[in-house]
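Participant: Sequence and predicted structure are below.
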Amino acid sequence: MADEEFSAFYAATYQRLLGQLVLLCGDRAEAEDALQEAFARAAVRWHRLRSYQAPEAWVWRVALNLTRMAARRLRRRTAALLRLGSAPAAAELSAETVDLLVALRALPLAQRQVLVLHHLVGLPVAEVARELGLPVGTVKTRLARGRRALARRLALDPEEVSRHG
Amino acid sequence: MDELTVRLQRAATEVAERAVIPAPDDIARRGRRQRRRHAAGAVLLAIALAGGVVAVPLRPWQPAAPSGMPPATPSPSMLAPGHRCPARVTAAQLTAKDIAFAPACLTAEAGRPFRLKFDNKDAVIHNVSIFEGPDASGRRVFMRPPFRGPRVVTYPVPALSRGRHFFRCDVHPNLMQGRLIVR
């Protein structure tokens, strides 16, 4: 049986973290696997994590590390799955979201990370830099390049996108 | 808020809303299972570092290799040690439950096609891929698309060459792995 407090924490955070992680990975199955793994690790350490100020940050970081480790493997696996047609679960998403995931997947992981942390998680540039251990200038460059590349792929107005931030 | 941020947030919300959320008990069970697996691995590592000259076999799941067959090499996979391959089968039964395969070791006859009954008891998608050799770096010899459980599908598997094979779920490659011994 899972701890009641852990169950409540899990129920309150799982979906939101999954949404963020899927965009960061560009792959729902990989994100689900990493996030479930991170929560599984949190469950057996809950007696310690419960006293943390933000257990959610711990889960997020573990899941992020797992997806980083899986990034190379993911590229091979995705290619193999695409050869067989998309998985049933992927069909449930709207065409707009699938387009966005495909466009994100085409970006380097370094650009996806800063885009998701800044635009989706809502961290200011300085915090993104601290989170990833990068200079602020590098984060800004990656953000600008990532925004331009995404806008091009999604046929958004590049001027409108680059004016932001 | 610019258009890109709106698109990202809309997509994340959609993914979140349509997610299949595993039960917290299943997540907790997965954590406990992995902890046990790590503990067993640590014990084996300690034995190996101590010289490995004790009565406990280091790889008890390996079948006795027939004479003339090269000895099996250690696998880098995360499979828990301690289980043995069942007797020779021609109609293998594989179950997926709680993001794990059971059994984690199957056997088949070399050069003879067989039927693999795959029972996915989970409410998430799983599939089966088979590779030659001890891990997924070998040639892929069988793969079927993932499907959501609970559902049972029987696959005809083509004849495989003699030797060790590796199988896994491509959707959960770290957690769902097994060995297929073809002899």
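Facilitator: Ah, there it is.
Participant: so what does the one helix or strand residue B:179 maps to touch, helix or strand wise?
Facilitator: In the assignment (DSSP states H and E), residue B:179 maps to strand B:177-182. Strand B:177-182 is packed against strand B:105-108, strand B:163-168, with contacts defined by 3 or more CB pairs under 8 Å, 6 or more residues apart in numbering or on different chains; DSSP states H and E. The way it works is simple: take the backbone N, C-alpha and C, and place the C-beta from them, glycine included.
Participant: Note down every partner strand of the first one and its orientation.
Facilitator: For strand B:105-108, the paired strands and their directions (DSSP bridges) read strand B:177-182 (parallel).
Participant: The partner strand: how far from the chain's middle?
Facilitator: Taking CA atoms, centre = their mean, to the nearest Å, one finds strand B:177-182 lying 8 Å from the centre of the chain it belongs to.
Participant: ok and that strand relative to strand B:163-168, angle-wise?
Facilitator: 150 degrees (axes from the mean of the first three to the mean of the last three CA atoms, to 10 degrees).
Participant: can you pull the alpha-carbon coordinates of strand B:177-182 into PDB?
Facilitator: The C-alpha trace of strand B:177-182 is given here as PDB (Å, rounded to 0.1, in the frame of the first residue of the first chain):
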ATOM      1  CA  GLN B 177      13.300  -7.100 -20.100                       C
ATOM      2  CA  GLY B 178      13.800 -10.800 -20.300                       C
ATOM      3  CA  ARG B 179      15.900 -13.600 -21.700                       C
ATOM      4  CA  LEU B 180      14.900 -16.100 -24.400                       C
ATOM      5  CA  ILE B 181      17.000 -19.200 -24.600                       C
ATOM      6  CA  VAL B 182      16.800 -20.900 -27.900                       C
END
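Participant: pLDDT averaged over it - what is it?
Facilitator: Model confidence over strand B:177-182 averages 90 on the pLDDT scale.
Participant: returning to what we had before: how about a markdown table for the helices and strands packed on strand B:177-182, with distance to residue A:146, mean pLDDT and mean neighbour count added?
Facilitator: Formatted as a markdown table, the helices and strands packed on strand B:177-182 follow (distance: least, CB to CB, whole Å; pLDDT from 0 to 100; neighbours: other CB atoms under 10 Å in any protein chain shown):
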| stretch | distance to residue A:146 | mean pLDDT | mean neighbour count |
| --- | --- | --- | --- |
| strand B:105-108 | 45 | 88 | 21 |
| strand B:163-168 | 32 | 91 | 22 |
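Participant: Which one of those strands lies nearest to residue A:38?
Facilitator: Proximity to residue A:38, assessed across the helices and strands packed on strand B:177-182 by CB to CB, is greatest for strand B:163-168 (20.2 Å).
Participant: who's in contact with that closest one?
Facilitator: The contact list for strand B:163-168, computed with CB atoms under 8 Å, 6 or more residues apart in numbering or on different chains, reads B:69, B:72, B:75, B:77, B:94, B:101, B:106, B:128-136, B:138, B:141, B:176-182.
Participant: Tell me the strands beside it, with direction?
Facilitator: Applying DSSP bridges, strand B:163-168 is found paired with strand B:129-132 (antiparallel), strand B:177-182 (antiparallel).
Participant: Now tabulate the ones you listed in a markdown table and tack on mean neighbour count.
Facilitator: What follows is these, written out as a markdown table (neighbours: other CB atoms under 10 Å in any protein chain shown):
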| stretch | mean neighbour count |
| --- | --- |
| strand B:129-132 | 21 |
| strand B:177-182 | 22 |
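Participant: nearest to residue A:6, of those strands?
Facilitator: That would be, of the strands paired with strand B:163-168 and by CB to CB, strand B:177-182, which comes in at 26.9 Å.
Participant: so how many other residues sit close to residue A:13?
Facilitator: Residue A:13 is flanked by 17 other residues according to other CB atoms under 10 Å in any protein chain shown.
Participant: Is any residue of stretch A:126-142 near chain B?
Facilitator: No: judged by CB under 8 Å from any CB of the partner chain, stretch A:126-142 stays clear of chain B, getting no closer than 14.1 Å.
Participant: Check the separation of the first and last residues in that stretch.
Facilitator: 13 Å (CA to CA, to the nearest Å).
Participant: what's the offset of it from the middle of its chain?
Facilitator: That offset, for stretch A:126-142, works out to 16 Å (CA atoms, centre = their mean).
Participant: what's the pLDDT at residue B:97?
Facilitator: 85.
Participant: returning to that earlier point: the helices and strands packed on strand B:177-182: which one's closest to residue B:152?
Facilitator: For residue B:152, the closest of the helices and strands packed on strand B:177-182 is strand B:105-108, at 16.2 Å, according to CB to CB.
Participant: Go through the top helix by length along chain B and flag the buried ones.
Facilitator: The longest helix of chain B (DSSP state H) is helix B:24-49. Of all the residues in helix B:24-49, those buried under the rule 16 or more other CB atoms under 10 Å in any protein chain shown are B:24, B:26-31, B:33-34, B:37, B:44.
Participant: That'll do, ta.
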